[in-house]
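[1] Return atomic coordinates for the entry below.
(4 chains)
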There are 2 protein chains.
Amino acid sequence: MNNIVMNNVRVAVDNCIFAVRDGRLEVLLIQMKKEPFDFAWALPGGLIEAGETLDGAAARILEQQTGVRDVYLEQLYTFDDRSRDPDGRVISVAYVSLIPWEGRDLKTTDKYRAVQFWDCDRVPSKLAYDHREILDYARNRLAAKIQYTNCVWSLLPERFTLSELQNAYETVLNRNLDKRNFRKKVLSLHLVKPCGEKSSGGRHRPAMLYSFESREPELVEVF
Amino acid sequence: MNNIVMNNVRVAVDNCIFAVRDGRLEVLLIQMKKEPFDFAWALPGGLIEAGETLDGAAARILEQQTGVRDVYLEQLYTFDDRSRDPDGRVISVAYVSLIPWEGRDLKTTDKYRAVQFWDCDRVPSKLAYDHREILDYARNRLAAKIQYTNCVWSLLPERFTLSELQNAYETVLNRNLDKRNFRKKVLSLHLVKPCGEKSSGGRHRPAMLYSFESREPELVEVF
DNA sequence: TATAGTTAGTGTGTAAAGAACACTAACTGC
DNA sequence: GCAGTTAGTGTTCTTTACACACTAACTATA
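    Here you go, the predicted model:
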């Protein structure tokens, strides 16, 4: 009977940082510089530090890589990572972050070979560790969550048009929505409010700008 | 700058084991026998053992306490436990298990003072560690999950009446459902199938017995 | 300055789903 | 055979979801 209690598990936090850009869902990956995954792409992450909470570690990773703070950040799932180095066990607590495409500021460090956003549909087929599994899980969770919470706020800037909002939903859900039904829905839910100004700059009719009623997590039956 | 990497985190698995009994949602608690929580009630759990996966640890705890296997078992959330002993850090990966009230077989060991099911609405107001928080989180997750998956199968025996099924939903959701609408719904979803036999023994009209189409996790929009 | 190009903004009708509601049927125990 | 108890069944109404097409307002350029 196996009763050896594990006292030396290492705990990593990995963060799926998503943004919407030009109708594509993108995720931040870093290219590794160390064996056994040299050159492989991976989710940003790392072992938790002393005195740090799990949420704190996820927020730290997010800010270190993108400079972004105070966005939607949610624990996703805890993975048993069987592909990590065999000298001691690692479990990975995965997080999802949603950031507006504008406002990010990618940091390059010599810790990694590269840091960049990837179209989720075009990430390298093999990622380091079990990060492919984590990413797939995260996309599914995000698509579910955007339908019953207001988390979409975290993908958009302070002020936005209803078309931009619709585009964020369409991108995450990977399907088209009817413009009139969409507007009826979000307005009737009081998810957003007009802020009286209009967009400018496009070679077309200017659009009313909106902002979110709340930028705190709330349950809202959007679809 | 704090860059001390934690290498010696201890990882515990705690399991919220639910059953439905006489219209009440019950949860299994153990009464502790060691300081600093001597006499306090807690969720069954413990540190993961060598070579064991997280899911494996949860299944082990479930079977050790109840003798039950092969039921619905789902990872809930990973908690940073700040109330644990200060000599080294513990994080707790919480699980939810659903078991049929019939078929359990509680084990008493001298590891604990007592092991028993508690009506969820009447558990002691203070549980050990952060287990009160975990339990509240688990109840909410269960109430959500029973509405869009078929997980209710795990609360019922192999064969059951539609009234028993309805009762399981009403108990978890903590609200009454209309009998005719309920039956229309579950039958149209093909969640269950009649198995041709009738219940007996009650001092009333016997009911048709049903069984689940599937006892594997599936997404089903029940409500 | 007229026009082509582009996105913004708006309402109605139809189909599907959800919610409310009450009686008869079939068994048991006395 | 009667009282007690749970099983089983349809219809109507309300609400929500879905499909669908044109005009408005701006910019750039010819």
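
[2] Kindly format the C-alpha coordinates of the lengthiest helix in chain A as CSV.
    For chain A, the longest helix by residue count, based on DSSP state H, is helix A:131-148. Below are the C-alpha coordinates for helix A:131-148, written out as CSV (Å, rounded to 0.1, in the frame of the first residue of the first chain):
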residue,chain,number,x,y,z
HIS,A,131,-0.2,23.7,-22.7
ARG,A,132,-2.1,22.7,-25.7
GLU,A,133,-4.6,21.0,-23.5
ILE,A,134,-4.8,24.0,-21.2
LEU,A,135,-5.4,26.3,-24.1
ASP,A,136,-8.2,24.3,-25.6
TYR,A,137,-9.8,24.1,-22.2
ALA,A,138,-9.5,27.8,-21.7
ARG,A,139,-11.1,28.6,-25.1
ASN,A,140,-14.1,26.5,-24.3
ARG,A,141,-14.4,28.0,-20.8
LEU,A,142,-14.2,31.5,-22.3
ALA,A,143,-16.9,30.8,-24.9
ALA,A,144,-19.2,29.4,-22.2
LYS,A,145,-18.5,32.2,-19.8
ILE,A,146,-19.0,35.1,-22.2
GLN,A,147,-22.6,33.8,-22.6
TYR,A,148,-23.6,34.0,-18.9
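
[3] Figure out how far that helix is from the centre of its chain.
    Centroid separation between helix A:131-148 and its chain, computed with C-alpha atoms, centre = their mean, to the nearest Å, is 9 Å.

[4] likewise stretch A:126-134?
    Centroid separation for stretch A:126-134 versus its chain: 16 Å, with C-alpha atoms, centre = their mean.

[5] right, is that stretch up against chain B?
    No. Against chain B, stretch A:126-134 shows no contacts by C-beta under 8 Å from any C-beta of the partner chain, the least distance being 12.5 Å. Just so you know, the C-beta spots here come from the backbone N, C-alpha and C atoms, and that holds for glycine as well.

[6] Which other helices and strands does the lowest-mean-pLDDT helix or strand in chain A contact?
    Least confident helix or strand of chain A, by mean pLDDT, DSSP states H and E, is strand A:192-198 with a mean of 89. Under the contact criterion of 3 or more C-beta pairs under 8 Å, 6 or more residues apart in numbering or on different chains; DSSP states H and E, strand A:192-198 touches strand A:208-212.

[7] List the buried residues for the strand it packs on?
    Neighbour counts over strand A:208-212 (16 or more other C-beta atoms under 10 Å in any protein chain shown) mark A:209-212 as buried.

[8] Could you export it as CSV, CA atoms only?
    Extracted in CSV, the C-alpha atoms of strand A:208-212 (Å, rounded to 0.1, in the frame of the first residue of the first chain):
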residue,chain,number,x,y,z
MET,A,208,-22.5,56.1,-30.7
LEU,A,209,-19.9,55.2,-28.1
TYR,A,210,-20.9,53.0,-25.1
SER,A,211,-19.4,52.0,-21.9
PHE,A,212,-20.2,49.1,-19.5
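
[9] sorry, back to before: going by distance to residue A:89, which of the buried residues of strand A:208-212 wins?
    Using C-beta to C-beta, the shortest approach to residue A:89 within those belongs to residue A:212, at 41.7 Å.
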